[in-house]
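> build me a structure from this.
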Amino acid sequence: MADSMENLAARLQALEDKEEIRLLKSRYLRACDLKQPDAVRDCFLPGGVRIAYHGFPIFTDRDAFVATYESMACNGGVYDIHHATNWDISLTGPDEAKGLWSLNFRTILTGPRHVTRLAVEYEDVYRREGGRWWIAESVSQVTSILTEQINEDGSLTVLASGELPAG
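All right, here's what the predicted structure looks like:
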């Protein structure tokens, strides 16, 4: 059964939109790892966002979010790795989409000699404005944690495992 040209064009546009969104999320996570606050900022919709990451206040301004990111992550002795997988992007309109992602996150803190690994689930909303896709909303929930202390002799002590500790 032959598809109409309009149907094929719509299917191609959907694939291109999903790929642009996937690359947007990749740019964001890579910028976080490489300590590039301007690139982090450029992934979020100007003029209003909703960023609700587990354990953080809700941000409605991308500059406030980036300032917090800079103060926590852009210091010597902080090494992060964000690996997103299991993406599921749904186009909900011509200029809006939703995305689900699983994140494998690791941070190495050389000062306190800690390594923390988190499993995180993201729910995002994306909007196309000015001809490009932006992250308009990003909500995360940590599903598991493993934090280890690297002792002076190189041995490891588990400080937290399983669910996030309260507080």
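> for this structure, what spans make up the strands?
Residue ranges of the strands in the chain, as given by DSSP state E, are 50-52, 78-93, 96-109, 114-129, 132-150, 156-162.
> list the helices and strands the shortest one packs on?
Spelled out, that is strand 50-52. If you count contacts as 3 or more Cβ pairs under 8 Å, 6 or more residues apart in numbering; DSSP states H and E, strand 50-52 packs onto strand 132-150. (C-beta placed from N, C-alpha, C; glycine too.)
> give me the angle between the strand it packs on and strand 114-129.
Counting by axes from the mean of the first three to the mean of the last three Cα atoms, to 10 degrees, strand 132-150 lies at 170 degrees to strand 114-129.
> how about strand 132-150: buried residues?
For strand 132-150, the neighbour count (16 or more other Cβ atoms under 10 Å) marks W133, W134, I135, A136, E137, S138, S140, V142, I145, T147, E148, I150 as buried.
> pull that strand out as PDB, backbone CA atoms only.
Only the C-alpha atoms of strand 132-150 are listed here, as PDB (Å, rounded to 0.1, in the frame of the first residue of the first chain):
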ATOM      1  CA  ARG A 132      14.400  24.900  17.200                       C
ATOM      2  CA  TRP A 133      13.600  22.600  20.100                       C
ATOM      3  CA  TRP A 134      14.100  23.600  23.700                       C
ATOM      4  CA  ILE A 135      13.700  21.800  27.100                       C
ATOM      5  CA  ALA A 136      10.600  23.600  28.600                       C
ATOM      6  CA  GLU A 137      10.200  21.300  31.600                       C
ATOM      7  CA  SER A 138      12.300  18.700  33.200                       C
ATOM      8  CA  VAL A 139      11.400  16.600  36.200                       C
ATOM      9  CA  SER A 140      13.600  13.900  37.700                       C
ATOM     10  CA  GLN A 141      13.100  11.200  40.300                       C
ATOM     11  CA  VAL A 142      16.000   9.300  41.800                       C
ATOM     12  CA  THR A 143      15.200   5.600  41.900                       C
ATOM     13  CA  SER A 144      18.400   4.300  43.500                       C
ATOM     14  CA  ILE A 145      21.700   5.400  45.000                       C
ATOM     15  CA  LEU A 146      25.100   3.900  45.800                       C
ATOM     16  CA  THR A 147      27.600   6.200  47.600                       C
ATOM     17  CA  GLU A 148      31.000   4.900  48.500                       C
ATOM     18  CA  GLN A 149      33.800   6.500  50.600                       C
ATOM     19  CA  ILE A 150      37.300   5.900  49.200                       C
END
